[in-house]
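Asks: My questions concern the predicted model and sequence given below.
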Amino acid sequence: MIVDKDIKVVIGAGEFINNPGWLYTQEDELNLLKKEHWQKMFSPDSITAILAEHVWEHLTFEEGIEAAKICYEFLKPNGYIRCAVPDAYFPNEEYQKVVQVGGPGPLDHPAASHKIVYSYQTIISMFESAGFTVKLLEYCDEQGEFHAVSWKPEDGVIYRSLPYDHRNKDGELICVSLIVDAMKID
């Protein structure tokens, strides 16, 4: 079991190593839906922050609520999940083809296991159902207009974001994420 005063965990880290000092995990060692994985690694109320970049869309809405409830149990009071998922309202046809449920192309494509494409309303609803208070960091509204507030990278860098994705340059958005901080307010 990990004992530390400031535990910060990256869920489904993949190849992105952009948060030094954080604990990087993969699905086989820390599955969002397997409470026994969490119990082996952490005590309840012991984690400061959880970062999940393009992970939650691989769960159904109901599984997302269950995963959020498990995370809630292991987060410290005032801890948070920084979550980034594909944005249902991003007005780019090619982007939407890639992020759609079931994904494009071959079954080995990462998007093939997408089970939901969140809008800001559905992700707020999902996290609030698990007891979180949600703050929107980056998202598109129903008209496709992109909104962003300033957020601190030391609280968890999301690569697929306005400030960090190399594809977004010269004021043109090519790849965005719907990014929220879901906070455990006690």
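Replies: Perfect, I can see it now. Residues are numbered from 1 along each chain as shown.
Asks: show me where the chain has strands.
Replies: Listed in chain order, the strands of the chain (DSSP state E) span 7-11, 23-24, 47-53, 75-85, 133-140, 146-148, 178-183.
Asks: List the contacts of the closest residue to Thr60 other than its chain neighbours.
Replies: Nearest non-adjacent residue to Thr60, counting by CB to CB, 6 or more residues apart in numbering: Lys115, 4.9 Å away. Just so you know, the C-beta spots here come from the backbone N, C-alpha and C atoms, and that holds for glycine as well. Contact partners of Lys115, counting by CB atoms under 8 Å, 6 or more residues apart in numbering, are 57-60, 63, 101.
Asks: what stretches of this protein score poorly on pLDDT?
Replies: Where the chain drops to pLDDT under 70, the residues are 1-4, 15-16, 105-111.
Asks: Break down it into its helices, ranges please.
Replies: 35-41, 61-74, 93-99, 120-129 (DSSP state H).
Asks: Most widely separated two among the contacts of Lys115?
Replies: Glu63 and Val101 (13.6 Å; CB to CB).
Asks: what about those two, which has more around it?
Replies: Comparing Glu63 with Val101 by other CB atoms under 10 Å, the one with more neighbours is Glu63, at 16 against 12.
Asks: for the closest residue to that one other than its chain neighbours, what are its contacts?
Replies: Excluding the flanking residues, the one nearest Glu63 by CB to CB, 6+ apart is Leu33, at 6.1 Å. Contacts for Leu33 (CB under 8 Å, 6+ apart) come out as 59, 63, 66-67, 70.
Asks: Out of those, which is nearest to Arg167?
Replies: Nearest to Arg167 among the contacts of Leu33, with distances taken as CB to CB, is Leu59, at 25.7 Å.
Asks: separation between that closest one and Phe90?
Replies: 20 Å (CB to CB, to the nearest Å).
Asks: Turn the contacts of Lys115 into CSV, columns for distance to Tyr80.
Replies: Below are those laid out as CSV (distance: CB to CB, whole Å):
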residue, distance to Tyr80
Glu57, 19
His58, 21
Leu59, 19
Thr60, 23
Glu63, 20
Val101, 27
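Asks: tell me which of those residues is nearest to Ser177?
Replies: For the contacts of Lys115, the nearest to Ser177 is Glu57 (10.1 Å; CB to CB).
Asks: Test my guess that the closest one contacts Pro86.
Replies: Yes. Contact criterion CB atoms under 8 Å: Glu57 and Pro86 qualify, at 5.8 Å.
Asks: list the residues that contact both of those two?
Replies: Between them, Glu57 and Pro86 share the contacting residues 99, 114, 117-118, judged by CB under 8 Å, 6+ apart.
Asks: Which one (most neighbours) among the residues you listed?
Replies: Tyr118 (25 neighbours).
Asks: residues contacting that one?
Replies: Here Tyr118 is in contact with 56-57, 85-88, 126, 178 (criterion: CB under 8 Å, 6+ apart).
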